[in-house]
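In: Give me the fold of what follows.
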Amino acid sequence: MWIVYESDWTLKRIPKLPRQVIKKYELWKSIVRYNGPDKLREFRGFHDEGLKGEWLGSRSSRLSLQYRVIYSVERKDESVYVEDINPHEY
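Out: As a prediction, the model looks like this:
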């Protein structure tokens, strides 16, 4: 079983998110906890992908058309660190 760590910034931001984004985030955490982050790639709706630039080494999953969860993976500890949930800028 994987451990999901959330930054203080993320924990403060979650209650302010739209309800449907919170529900999708809870589903995302459940998938990661029980199956690991690689399982997210099987769900097309998450559009899980590696990031470039400032976030190089981190990954992103879509929670809605606007919101993304940005996270990093520590495989040897089987842990995932949620760094931010933010609206994607187009």
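In: Need the nearest residue in space to S79, chain neighbours excluded.
Out: In this structure, S79 finds its nearest non-sequential neighbour in I3, 4.4 Å apart by CB to CB, 6 or more residues apart in numbering. All C-beta atoms are positioned from the backbone trio N, CA, C, and that covers glycine.
In: longest helix in the protein, by residue count?
Out: Looking across the chain with DSSP state H, the single longest helix is helix 19-35.
In: in it, what's buried?
Out: In terms of neighbour count (16 or more other CB atoms under 10 Å), helix 19-35 has its buried residues at 21-22, 24-25, 28-29, 31-32.
In: And the next helix or strand past that helix?
Out: strand 49-50 (DSSP states H and E).
In: if we can go back for a sec, give the other helices and strands that the longest helix of the chain contacts.
Out: strand 3-6, strand 67-74, strand 79-87 (3 or more CB pairs under 8 Å, 6 or more residues apart in numbering; DSSP states H and E).
In: Tell me the pLDDT of the residue nearest to S79.
Out: Per-residue pLDDT puts I3 at 97.
In: got it, and W9?
Out: At W9, the pLDDT value in this model is 87.
In: residue nearest the centroid of the chain?
Out: Closest to where the C-alpha atoms of the chain average out (CA atoms, centre = their mean) is V69, at 3.6 Å.
In: Look up how far I22 lies from that one.
Out: 11 Å (CB to CB, to the nearest Å).
In: Please apply the same query to S30.
Out: Look at S30 and I22: by CB to CB, they are 13 Å apart.
In: same check, this time on L51
Out: Distance, L51 to I22, by CB to CB: 23 Å.
In: got it, and S58?
Out: 21 Å.
In: rewinding a little: can you tell me who the residue nearest to the centre of the chain pairs with across the strands?
Out: Beta-bridge pairing for V69 (DSSP bridges): S61, I85.
In: Wait, it touches V80, no?
Out: No. V69 is beyond contact range of V80, at 9.8 Å (criterion: CB atoms under 8 Å).
In: show me where pLDDT drops low in this protein?
Out: Low-confidence segments of the chain, defined by pLDDT under 70: 89-90.
In: Let's see that with 80 instead.
Out: 88-90 (pLDDT under 80).
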